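>>> the following comprises the amino acid sequence and a computationally predicted model.
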Amino acid sequence: MKSNTKAKIFEIDDLLKVREGWKQTEEKVVFSNGCFDILHLGHVDYLEKAANLGDRLIIGLNTDSSVSKLKGPERPINDEYARARLLAALEFVDAVILFGEDTPLKLINTLLPDILVKGNDYAVENIVGADVVLKNGGELKTISLVEGFSTTKIISKIQTNR
């Protein structure tokens, strides 16, 4: 079966329709977010674990301007289109949606996922949208991360030529 990764990259109105369909069929929707600037094993492991918590996985992806605000003017390394396509190519990812705000709170409020997921490097009280998801009967989960993998470390390794 051939795949069309572009079909997994959504605008909010279209994703809301798809989300409603998943709700009708009682599929558990998992949501996570991030920059995913240079996709690496740590990202894949984390997202695969997130996907296994429910039936559908939506990824909120920071836009280029949002990444620059968070990580600095030399980031992102890969533009938002490339990052979205790479994430959409993962078989366990069902939807990718870009957001330009500082946090994904607006997306979480709109999509109301059943399960909100972040890495265990986040303190539960600092996870944006946790209160919204919990208030609406959803769950909050943290996932252990693969040691030694980070985009910052990869960039540093490239820069030092090691």
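Alright, I've got the coordinates.

>>> and stretch 41-50, average pLDDT?
Taken as a whole, stretch 41-50 carries a mean pLDDT of 95.

>>> report the distance from that stretch to the chain centre.
10 Å (C-alpha atoms, centre = their mean, to the nearest Å).

>>> strands of this structure, residue ranges please.
9-10, 29-34, 56-62, 95-99, 115-119, 139-143 (DSSP state E).

>>> I'd like those as a markdown table, with mean neighbour count and distance to residue 150 appended.
Yep, even glycine has a C-beta here, placed from its N, CA and C like the rest. A markdown table is the format used below for these (neighbours: other C-beta atoms under 10 Å; distance: least, C-beta to C-beta, whole Å):
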| stretch | mean neighbour count | distance to residue 150 |
| --- | --- | --- |
| strand 9-10 | 20 | 25 |
| strand 29-34 | 24 | 12 |
| strand 56-62 | 24 | 16 |
| strand 95-99 | 22 | 21 |
| strand 115-119 | 23 | 10 |
| strand 139-143 | 17 | 15 |
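
>>> ranges for the helices of this protein?
Using DSSP state H, the helices of the chain run over 12-24, 41-51, 64-71, 80-88, 105-111, 130-135, 151-159.

>>> of those helices, which is nearest residue 3?
helix 80-88 (8.8 Å; C-beta to C-beta).

>>> list the helices and strands that closest one packs on?
Counting contacts by 3 or more C-beta pairs under 8 Å, 6 or more residues apart in numbering; DSSP states H and E, helix 80-88 packs against strand 9-10, strand 56-62, strand 95-99.

>>> the same query, at a cut-off of 7 Å, please.
strand 56-62, strand 95-99 (3 or more C-beta pairs under 7 Å, 6 or more residues apart in numbering; DSSP states H and E).

>>> quick check: mean pLDDT of stretch 69-82?
94.

>>> end to end, how far does it reach?
19 Å (C-alpha to C-alpha, to the nearest Å).

>>> repeat for stretch 121-135
23 Å.

>>> that concludes my questions; thank you for your assistance.
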